[in-house]
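J.: After the sequence you'll find the predicted model.
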Amino acid sequence: MRSALPRGLAPLLWSPRGLAEWLALTAALAGCVSGGGYGGAAARSESPYAYSRANEWVTIRDFRYVTSVAASTSLAFFGTTAGVERLDTLRDRWLAPVTAADGLPDNRVTALVAEPSTGDLWIGTARGLARLTAFVDTVEPVFGPPPFRVDRLLIDPRDGTVWAQVGGLWWQGRNGSPVLERSGDRPPFERLAGPVPVDEVDPTRLPWTDPLWVDSPLLFGARFRLTALDRDRRGDWYVGTWGDNGRRWAESTQRWEALHFGLAGPAGGPVAASAEAYWILPSASPTTGSAADVSVAPGGIRVELSAGSPAPAAVARADRSLGSWSYAVPVEVEGLPVAASHAAVASGDTLWLATDHGLIRGVGEAWERWGADAGAAYALALDGQELWVGGEEGVTAFDRRDGSVAGRLLGGRRVDAVIATAEAVYAGTPVGLFAGRRAPSLGGAIPETMERVEYRGGAVRALAATDTLLVVASATGLEVFDRRRGAWSPPTAGEARVGRPLALAVDPQGNVWVGTERGISRWRPGTEEWDEWTPADGLAGVPVRHVLAEDGVVWASTPAGLSRFAWREGRR
């Protein structure tokens, strides 16, 4: 199927890539990422991976800005400004992305090329070159070139020799060697293969009508500039966009298919998980685009949204395997407001959002304003058939079956955190902690009143509970209340090291996870052990604003992306 391109460009776009090697690569690659919850709820103990290596980090970012594309028999790679996406094209499932958490010199990917004989992927970044080795699915360093921007990568399909243009100079790795040498010769372009920018291809030879622009399926009226392309041996084209992720032009149907993966807006927002799916929320209210909103892509490409077109960040939803993603965009979806979400909880296929516009419920693709209007909402907690909502006007219990109000407490007082335990409902406010004792003997799961709890801390940011403890993240630090003794525990050395806690979660083993301004910490109450992980260990960034704890895995939501940390080895 090489006739679609001018003869001189054909060697740059295709190379013989063995099916056996790429199938081996597919088998070696592991799954994806996501998840989370506000207020410390532990999700069902089910990993999206068949197997997880101990101390393994994976990070999901905003991958919408694609700089380079490489396609093989069974995989498509999208190099973006936030790392490399990987699509299993045989199963139409996304694989785990490759980012700096995996060892890339930089998340800003500038060039890609796949090695035909081994299935290795060469990855050029803004600060150097690396190689993803297929056999062990590990990023390994490349020696020789300086840590400068990699402008282009090409490969000789006959022997795997790679050519890299780094800082304006060409380097050569003979026979796929990870040790590159300076080359005084001009690369033999006529024999080399590799992806090319879309604007270097004769537009009359492309099968789609508009050679350089594509419409967005998520934003009505928005158009995005195509960046780079490659074609697999089945004849399908894989193309990147600047701002709307990837596309596939399917040879069999002769139409575009959107390939979206990862966050669809600013990171650091709340995350939620159920037995059916994961949801990831943007961190801030979206903005409205206009003709004045211009981005500059690699090569000086100028990208504009149509005048007056909306540019809201979408709610991302992934199935439990994290291989299939879908998105709901405010303005485009009826019932989903353009508003910041402060908290999210999920049950089955139902998601509740605490927003500045009140409580929002999403069931499948349907969204609606839900429950009685109680003003802005900031915190959520599931409690059997009730959903507790903390907001501007106190804390309200809603019946999850019909949205009716089951109880209202702390009227007129702002509530920023809420959690329900067997004996009480706790509410965190800017002026301290309140508790409403349950009275099961009187048939009341809903407390009649809430009283202030004697408390050493200040404003409460988050709450979490183990079987016996209530953990409080406040403006003055971490506090622990022993619910059996009815007394506050003395602070430990580990608590003092935490600094300013921002988010809390408890995993099924009873470990307490604390998101802070400098990383994520784990406290084992039984042994009083403390551990801390920071960006130097693989965390996407800081601060950690939302945390979800699962069996052997913790998720941390930061402004730089959502990180999944498998802190112990998973089971097959």
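T.: Perfect, thanks for sending it. Residues are numbered from 1 along each chain as shown.

J.: Could you name the helices and strands sitting against the lengthiest strand in the chain?
T.: When the chain is parsed with DSSP state E, its longest strand is strand 223-231. If contacts are counted by 3 or more CB pairs under 8 Å, 6 or more residues apart in numbering; DSSP states H and E, strand 223-231 sits against helix 10-13, strand 66-71, strand 196-197, strand 213-215, strand 237-241, strand 301-304. (C-beta placed from N, C-alpha, C; glycine too.)

J.: can you give me how far the next helix or strand along the chain from the second one is from the chain middle?
T.: Note on strand 66-71: by DSSP states H and E, the next helix or strand toward the C-terminus is strand 75-80. Relative to its parent chain, strand 75-80 has a centroid offset of 16 Å by CA atoms, centre = their mean, to the nearest Å.

J.: Can you give the contact residues for strand 75-80?
T.: 22, 25-26, 29, 63-71, 84-89, 95, 109-112, 114, 121, 123-124, 230, 232, 238, 240, 245-246, 248, 259 (CB atoms under 8 Å, 6 or more residues apart in numbering).

J.: Quick check: mean pLDDT of that strand?
T.: Confidence over strand 75-80, taken as the mean pLDDT, stands at 95.

J.: Could you do stretch 283-295 as well?
T.: If you average the pLDDT over stretch 283-295, you get 40.

J.: Quick check: nearest residue in space to Pro217, chain neighbours excluded?
T.: Leaving aside its sequence neighbours, Pro217 sits nearest to Ala258 (CB to CB, 6 or more residues apart in numbering; 4.8 Å).

J.: Can you give me the distance of the one you found to Pro330?
T.: Between Ala258 and Pro330 the distance is 18 Å, computed by CB to CB, to the nearest Å.

J.: separation between the residue nearest to Pro217 and Thr118?
T.: Distance from Ala258 to Thr118, by CB to CB: 31 Å.

J.: Same question for Gly79.
T.: Separation of Gly79 from Thr118 (CB to CB): 19 Å.

J.: quick one: which of the two has more around it?
T.: Gly79 (31 against 17; other CB atoms under 10 Å).

J.: neighbours of the closest residue to Arg64 other than its chain neighbours, just the number please.
T.: Nearest residue to Arg64, sequence neighbours excluded (CB to CB, 6+ apart): Asn245, at 5.0 Å. Other residues within reach of Asn245, judged by other CB under 10 Å, total 26.

J.: Pull the contacting residues for the closest residue to Pro559 other than its chain neighbours.
T.: Take Pro559 and drop its neighbours on the chain: the residue closest to it by CB to CB, 6+ apart is Gly268, 4.0 Å away. By CB under 8 Å, 6+ apart, Gly268 lies in contact with Ser283, Arg545, His546, Ser557, Thr558, Pro559, Ala560.

J.: Same question for Glu115.
T.: Applying CB under 8 Å, 6+ apart to Glu115 gives the contacts Leu121, Trp122, Ile155, Gly160, Val162, Gly176.

J.: For Arg317, state which of those residues is nearest.
T.: Checking the contacts of Glu115 against Arg317 with CB to CB, the nearest one is Leu121 at 28.0 Å.

J.: Report the beta-bridge partners for that closest one.
T.: Ala114, Leu132 (DSSP bridges).

J.: What separation do you get for it and Arg369?
T.: In this view, Leu121 and Arg369 are 46 Å apart by CB to CB.

J.: Among those two, which residue is more densely surrounded?
T.: Leu121 (25 against 15).

J.: wait, doesn't that one sit right on Ala114?
T.: Yes: Leu121 sits in contact with Ala114 when judged by CB atoms under 8 Å, with a separation of 5.4 Å.

J.: and for these two, which residues touch both?
T.: Shared contacts of Leu121 and Ala114, counting by CB under 8 Å, 6+ apart, come down to Ala70, Phe77.

J.: if we can go back for a sec, check which helix or strand covers the residue nearest to Pro217.
T.: Ala258 belongs to strand 255-259 when assigned by DSSP H and E.

J.: on that earlier part again, quick check, nearest of the contacts of Glu115 to Tyr378?
T.: Sorting the contacts of Glu115 by distance to Tyr378 puts Leu121 at the head of the list, at 43.3 Å, by CB to CB.

J.: The helices and strands packed on strand 223-231: lowest mean pLDDT?
T.: When the helices and strands packed on strand 223-231 are ranked by mean pLDDT, helix 10-13 comes last with a mean of 34.

J.: List the contacts of stretch 163-182.
T.: Under the contact criterion CB under 8 Å, 6+ apart, stretch 163-182 has outside partners 111, 115, 117-118, 120, 122, 124, 128-129, 131, 140-146, 148-156, 159-162, 183, 185-187, 192.

J.: Mark which of these are buried, thanks.
T.: 111, 115, 117-118, 120, 122, 124, 128-129, 131, 142, 144-145, 149-156, 160-162, 187, 192 (16 or more other CB atoms under 10 Å).

J.: Filter the residues you listed down to just the ones in strands.
T.: 111, 122, 124, 128-129, 131, 150-155, 162.

J.: Tell me how many other residues crowd Gly458.
T.: Gly458, neighbours per other CB under 10 Å, totals 13.

J.: ok, now the one 5 residues further on?
T.: Here the count is done by other CB under 10 Å, and Leu463 has 27 residues near it.

J.: what about it, distance to Gly477?
T.: Per CB to CB, Leu463 is found 14 Å from Gly477.

J.: do the same with Gly384
T.: Gly384 is 32 Å from Gly477, where distance means CB to CB.

J.: and the residue nearest the centre of the chain, what are its bridge partners?
T.: Centroid-nearest residue in the chain: Ile60, 3.1 Å away (criterion: CA atoms, centre = their mean). With DSSP bridges as the criterion, Ile60 is bridged to Leu562.

J.: I figured it hits Gly561, correct?
T.: Yes: shown here, Ile60 and Gly561 form a contact pair, counting by CB under 8 Å, at 6.0 Å.

J.: Could you tell me which residues touch both of those two?
T.: Overlap of the contact sets of Ile60 and Gly561 (by CB under 8 Å, 6+ apart) consists of Leu263.

J.: OK, contacts around the nearest residue to Ile280 once chain neighbours are set aside?
T.: Nearest-residue entry for Ile280: Ala316, 4.4 Å, with adjacent residues in sequence omitted and distances by CB to CB, 6+ apart. Ala316 sits next to Ser34, Gly262, Leu263, Ala264, Trp279, Ile280, Trp325, Ser326, Tyr327 when contact means CB under 8 Å, 6+ apart.
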